[in-house]
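Visitor: Everything below, folded, please.
(one chain, ligands or ions: 3)
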Amino acid sequence: ESTESLNFIEHIIEEDLKNGFPKDQLRFRFPPEPNGYLHIGHAASICLNFGLGEKYNAPVNLRFDDTNPAKEEQEYVDAIKRDIAWLGFQWANECYSSDYFQQLYDWAIQLIKEGKAYVDQQTSEEIAAQKGTPTTAGTDSPFRNRPIEDSLDLFERMKNGEFAAGSYLLRAKIDMSSPNMHMRDPILYRIVNKPHHRTGSDWCIYPMYDWAHGQSDYVEQVSHSLCTLEFKAHRELYDWYLDQIYDSSLLRPKQREFARRNLSYTVMSKRKLLELVQKNIVSGWDDPRMPTISGLRRRGYTPDSIRKFSDLAGISKRDNVTDVSLLEFCIREDLNKTATRVMGVLNPVKLVITNYPEGKSEILQMENNPEQADSGTHDVPFSRELYIEREDFKEDGGKKFFRLSLGNEVRLKSAYIIKAESVVKDESGVIQEIHCTYDPESRSGSGTEASQRKVKGTLHWVSIEHAIQAEVREYDRLFLDEAPDSHEDKGFLDFINPESLKVISNAFLEPHLANATMDDKYQFQRLGYFTLDSDSKDGKLVFNKTVGLKDTWAK
Ligand code: ATP
Ligand code: MG
Ligand code: MG
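Guide: Ligands and ions are numbered 1, 2, ... in the order given. As a prediction, this is how the structure comes out:
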């Protein structure tokens, strides 16, 4: 394999292997905090870690970073597992940082005994005030030199629930004048009097991220712990903590950083996404406008399209914003190859074929997918009265109008050539019916000369008698601004697009769609790609528009 196709993380691993790191000790993890649903940014990390697992045939753990019971819930654990599995990845072990609470506690005691940690009893404001600045040294806590025995006693009593939240903290004793602020006696443990979704009320002290993360990597013997750039400054602390507990007969994990995936026209932090849910700006975490994996799934995105997007967007060393049009490109490409072609009319006007026998109907065949030679056909009923899109007809279209106008011909997709003869209007002049004649010899695929005849336009249609009525939901971007959370004077909620959802409650679809399931993907001819929504009920189907067609209509 050429090294040019490697991302920079793979280069690091290749370098390690070259320097003698045993390939069979490679191990990765994806470490979500179960405080929200996964989004398209997480997909970058998932595809990176599980992709490395596939490439090097190495195990990848799913590790729930569940050290903050105030924000974490079982619902999120379940959703995260569902989404990763849906993306098509399989974890080697399902792990939880909370499984290591006892081990982390024991190691903390060891630190206290070695004089490397102490119990502080200042408020967090006092501690913050002593931190100093990157160019000036911090001030020692008055409790920094508390006798080891006292810290051991207080830490045990913290654990036993004798103290209120915020009254005591365990801090590492490192260096209050380090140029790296994370090294200025960071907090190891705090008291949180909240039940934990897994450990219940067993614990009321909880480890901080830095203390839990690296040690969890070590317990699981993760070789390359990949995280996003904001943790670069934490790496020194990650290493310091490992130094304290590391047994040289075991593998020592390394933290490496890559840039977060950002996407234009959306926000990606779970806190902000939660706000959209809680304020009912969207219908839930899986609202089809959300950048969550579950929202994209409901919208009609496929696992392949998301994996392809991750591939194309790549892994980079520096922060950047990926244009949402790349994501749309990926799903369009995928659906073009796989979606079944059907017809639906969203803004109907009635069309009557006056020379087609009353009461007659016939079954025509429509190719399921011209991009797939063996995709077959499905039945489409045709009859005298049809719906077409109102925009597809003009009494006098002029030279550049290639749809239907009086005196002119178009082909009805997979059916006949028709010619518009007259219209019926109501009192206010709105067209109620378009009367046409058809050429009975022109049926598509019949092989007749008339069937080969070229006409300028081809329209989609449904037979009124056979059509099913459905709701169709069309989406626009949820935000009007390219970077809604980057403004100093305004918050991201100030940029909500008030027209991000358009509901069409009376669409008419060909009857083939009566059997649609949420796994099926459709191209509504000339309109875009659609999928069944989970709000559908018997007798009331709802379809989501996934994305429009990029290419203009070709028959
Ligand atoms: P958020 O701010 O959205 O809550 P987070 O980093 O706190 O994000 P975690 O659940 O801790 O969310 O993330 C799990 C893993 O996914 C971490 O390794 C994290 O670095 C990575 N990750 C999260 N967001 C992104 C992103 N936008 N791009 C790439 N990786 C990400
Ligand atoms: Mg995190
Ligand atoms: Mg977070």
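Visitor: Give me the residues contacting the strand or helix carrying I127.
Guide: Here I127, judged by DSSP states H and E, is contained in helix 124-130. Here helix 124-130 makes contact (C-beta atoms under 8 Å, 6 or more residues apart in numbering) with 120, 122, 138-141, 166, 169, 176, 187. For every residue, glycine as well, the C-beta is placed using N, CA and C.
Visitor: what is the mean pLDDT for it?
Guide: In this model, helix 124-130 has a mean pLDDT of 95.
Visitor: For that helix, buried residues please.
Guide: By neighbour count with 16 or more other C-beta atoms under 10 Å, helix 124-130 contains the buried residues 127, 130.
Visitor: Kindly report the same for stretch 444-463.
Guide: Buried residues in stretch 444-463, counted by 16+ other C-beta under 10 Å: 444, 451, 455, 457-463.
Visitor: tally of neighbours for the closest residue to S177 other than its chain neighbours?
Guide: The spatial neighbour of S177 that comes closest, neighbours along the chain excluded (C-beta to C-beta, 6 or more residues apart in numbering), is A137 at 3.6 Å. Number of residues near A137 (other C-beta atoms under 10 Å) recorded here: 14.
Visitor: same deal with the one 10 residues further on?
Guide: Residues lying near P147 (other C-beta under 10 Å) number 10.
Visitor: measure it to N160 for me?
Guide: 20 Å (C-beta to C-beta, to the nearest Å).
Visitor: How about residues contacting the host helix or strand of F101?
Guide: Here F101 sits within helix 101-113, counting by DSSP H and E. With contact meaning C-beta under 8 Å, 6+ apart, helix 101-113 is reached by 117-119, 148, 151-152, 155, 159, 170, 172, 188-189, 199, 202-203, 205, 207, 211-212, 215, 219, 244-245.
Visitor: Which members of the residues you listed are positioned in strands?
Guide: 117-119, 170, 172, 188-189, 205, 207 (DSSP state E).
Visitor: Pull the most distant pair out of these.
Guide: Y118 and P207 (15.9 Å; C-beta to C-beta).
Visitor: L26: how many residues sit nearby?
Guide: 22.
Visitor: Spatially, what comes nearest to it if we skip its sequence neighbours?
Guide: Closest to L26 by C-beta to C-beta, 6+ apart is A58, at 3.9 Å.
Visitor: Just to check, the one you found is in contact with R27?
Guide: Yes - counting by C-beta atoms under 8 Å, A58 sits close enough to R27 to count as a contact (5.7 Å).
Visitor: shared neighbours of those two, anything?
Guide: Shared contacts of A58 and R27 (C-beta under 8 Å, 6+ apart): S223.
Visitor: Which one's more surrounded, those two?
Guide: R27 (23 against 19).
Visitor: how far away is that one from ligand 1?
Guide: In this view, R27 and ligand 1 are 15 Å apart by C-beta to the nearest ligand atom, to the nearest Å.
Visitor: The chain should start at 6 in everything you say after this.
Guide: In the new numbering, first residue 6, that becomes R32.
Visitor: Please point out which parts of the helix or strand encompassing E15 sit buried.
Guide: Using DSSP H and E, E15 sits within helix 13-23. By neighbour count with 16+ other C-beta under 10 Å, helix 13-23 contains the buried residues 14-15, 18, 21.
Visitor: which bits of the stretch 206-355 of the chain sit near ligand 1?
Guide: Proximity of the stretch 206-355 of the chain to ligand 1 (C-beta under 6 Å from any ligand atom) is limited to residues 232-233, 265-266, 273-275.
Visitor: Let me know the secondary structure of the residue in the chain that ligand 1 sits nearest to.
Guide: In the chain, the residue that lies nearest ligand 1 is G46 (2.2 Å; C-beta to the nearest ligand atom). What DSSP: H, G, I helix; E, B strand; the rest coil gives for G46 is helix.
Visitor: Where do the strands of the stretch 406-555 of the chain begin and end?
Guide: Ranges of strands in the stretch 406-555 of the chain, per DSSP state E, counting those that start in this stretch, are 409-410, 414-417, 422-430, 436-443, 462-464, 467-468, 473-480, 506-514, 526-529, 533-537, 546-552.
Visitor: helices and strands around the last one, which ones?
Guide: This means strand 546-552. Judged by 3 or more C-beta pairs under 8 Å, 6 or more residues apart in numbering; DSSP states H and E, the packing partners of strand 546-552 are helix 298-304, helix 329-343, strand 473-480, strand 506-514, strand 533-537.
Visitor: from the middle of its chain, how far away would the fourth one be?
Guide: Translated: strand 506-514. 25 Å (C-alpha atoms, centre = their mean, to the nearest Å).
Visitor: okay, the angle between it and strand 533-537?
Guide: 90 degrees (axes from the mean of the first three to the mean of the last three C-alpha atoms, to 10 degrees).
Visitor: Show me which residues of the chain are close to ligand 1?
Guide: 36-38, 46-47, 49-50, 70, 232-233, 265-266, 273-275.
Visitor: Now restrict those residues to buried residues only.
Guide: 36-38, 46-47, 49-50, 70, 232, 265-266, 273, 275.
Visitor: Go ahead and confirm S172 touches N198.
Guide: No - assessed by C-beta under 8 Å, S172 is found out of contact with N198, at 10.9 Å.
Visitor: returning to what we had before: report pLDDT for the residue of the chain closest to ligand 1.
Guide: G46 is given a pLDDT of 98.
Visitor: circling back to that earlier point, restricted to helices, list the residues of the chain next to ligand 1.
Guide: Taking DSSP state H as the definition of helices, the residues of the chain next to ligand 1 contribute 46-47, 49-50, 275.
Visitor: now for those, which pair is the farthest apart?
Guide: Farthest pair in these (C-beta to C-beta) is A49 and K275. Separation: 14.7 Å.
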